[in-house]
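I would like to see how this sequence folds:
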Amino acid sequence: MALSRLDVNNLRNLRTTRLLPGPQFNLFWGANGAGKTSVLEAVHLLGRGCSFRTSDFRHLLPPGVETCVVTGKLVGSGMALSTEFNRNGVNYRIDGNLAPNRAALSERLPVIFLGPDSHRLLSDGPQLRRRFMDWGVFHVEPQFLTVWRRYQRALKQRNMALRVGQGLDSWDNELVRSAQEITRFRTIYLSRLLPHVEHYLAELCELEAISLALAPGWRADADYSDVLRVGQEQDRAFGYTRYGAHRADLIIKTAGKPAKDVVSRGQQKLLICALMLAQATVVNTCNSNPSVLLVDDFASELDPQHRFKLLQLLAELRGQVFMTATERLILPQEFNTELAVFHVEHGEIKQQA
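This is a model prediction of the structure:
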């Protein structure tokens, strides 16, 4: 779902800002530190309820300021989403009413972020890949959030029982049931995602046979209930559950080898682009709210040919795109009618013709 209006108050160096973004491409350009990435961060706060740069909301507040409010209106419905936070906590609202959690925002405004550090999806530990995978599952499988909460509750209770020496059977049973459902949801999602990743990779670069596989969080050839039973004593010694769906990973390989070990830095960015475009495609086919894509430092590490191809693929998604650059990009003529341009300087944003 596209944003027709964006109001930002006290997010980093964006003090009082109102934007009327265009329905498709929106380019924010300016020097480093001008505030253009903060615009993307504001949209991310509306769609995911968090920043892509820090987990500590206090770091988003300007010096001497106590409260930040970001509000957006959705095209069509006119629904208002807002994220408000101060140094003590955060509230999410929908049409002025408190939302139960940030997932309620994400349902209404799916947001996908692609930036200079997105290669960490390949190079870092499993947490980022698990988050990438589960965001997609959340948007295509209505029962996923309920099951995931059941699993988290059972995991928390089992960990507590491990530490105080209580019995584990009841929590093990629930953990196994919910872990099996989560694993099934994730496996189905990856099978839907892979053909689209292959399609976008064929458009963007030549990589040998890409594969996506789920490491469920325990030995794939073992029954999870047996893993929990056999590992009980060691789990008690550690004080937490060592194996389970909370330790799952997305294994990305090309030609049978881990992609992070064999692809170049430029290929990494194109592979991440393919993953994000594929995720948007799958989510958009299952969701009445098309994804909003945030592309930070659009031109970074892409030659003109790949920039043009990425623009074409983004346009085919027919969703709203917010992108940043350090200079005003000269885009091919066919994109100019779909492009809204904003210059950002010292936190001030001005739309340009």
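
sec struct for M323, please.
strand (DSSP: H, G, I helix; E, B strand; the rest coil).

dump the residue contacts of it.
25-28, 294-296, 298 (CB atoms under 8 Å, 6 or more residues apart in numbering). C-beta coordinates here come from the backbone N, C-alpha and C atoms, glycine included.

who's it bridged to?
Here M323 sits in beta bridges with L27, V295, going by DSSP bridges.

what's the farthest-apart pair in the contacts of M323?
F25 and D296 (14.4 Å; CB to CB).

returning to that earlier point: lowest pLDDT pick from the contacts of M323?
In this model, the minimum pLDDT among the contacts of M323 belongs to F298 (88).

helices of the protein, start to end?
36-48, 102-108, 120-123, 126-140, 144-164, 169-204, 224-230, 232-238, 259-262, 265-286, 304-317, 333-336 (DSSP state H).

TSV for the ones you listed, including mean pLDDT and distance to S77?
Below are these laid out as TSV (pLDDT from 0 to 100; distance: least, CB to CB, whole Å):
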stretch	mean pLDDT	distance to S77
helix 36-48	97	14
helix 102-108	94	9
helix 120-123	93	32
helix 126-140	97	18
helix 144-164	97	22
helix 169-204	96	27
helix 224-230	97	42
helix 232-238	96	48
helix 259-262	91	40
helix 265-286	93	17
helix 304-317	91	20
helix 333-336	78	27
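
out of those helices, which comes closest to Q352?
Across the helices of the chain, closest to Q352 is helix 333-336 (CB to CB), at 12.2 Å.

first to last residue in stretch 111-127, what's the distance?
18 Å (CA to CA, to the nearest Å).

buried residues in it?
111-115, 118-119, 121-122 (16 or more other CB atoms under 10 Å).

thinking again about what came up before, can you list the helices of the chain in TSV and add distance to A245?
Listed next are the helices of the chain as TSV, based on distance: least, CB to CB, whole Å:
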stretch	distance to A245
helix 36-48	21
helix 102-108	18
helix 120-123	19
helix 126-140	9
helix 144-164	6
helix 169-204	4
helix 224-230	9
helix 232-238	15
helix 259-262	23
helix 265-286	20
helix 304-317	30
helix 333-336	42
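
just name the most buried of the ones you listed.
Ranked by mean neighbour count under mean count of other CB atoms under 10 Å, the helices of the chain are led by helix 36-48, which reaches a mean of 25.

contacts for that one, please.
3, 6, 8, 11-14, 19, 28-30, 50-53, 60, 70-72, 81-83, 102, 105-106, 109-111, 113, 115, 292, 294, 296-297, 322, 324, 342, 344, 347, 349.

now with 6 Å?
8, 11-12, 14, 28, 30, 51-52, 70, 72, 81, 83, 106, 109, 111, 294, 296, 322, 324, 344 (CB atoms under 6 Å, 6 or more residues apart in numbering).

okay, the angle between it and helix 126-140?
60 degrees (axes from the mean of the first three to the mean of the last three CA atoms, to 10 degrees).

now helix 36-48 - C-alpha only, CSV.
Extracted in CSV, the C-alpha atoms of helix 36-48 (Å, rounded to 0.1, in the frame of the first residue of the first chain):
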residue,chain,number,x,y,z
LYS,A,36,17.8,11.6,3.1
THR,A,37,18.3,8.1,4.7
SER,A,38,16.2,9.4,7.7
VAL,A,39,13.3,9.7,5.3
LEU,A,40,13.6,6.0,4.5
GLU,A,41,13.9,5.3,8.2
ALA,A,42,10.7,7.1,8.8
VAL,A,43,8.8,4.9,6.3
HIS,A,44,10.5,1.9,7.9
LEU,A,45,9.2,3.0,11.3
LEU,A,46,5.7,3.1,9.9
GLY,A,47,5.8,-0.3,8.2
ARG,A,48,7.9,-2.3,10.6
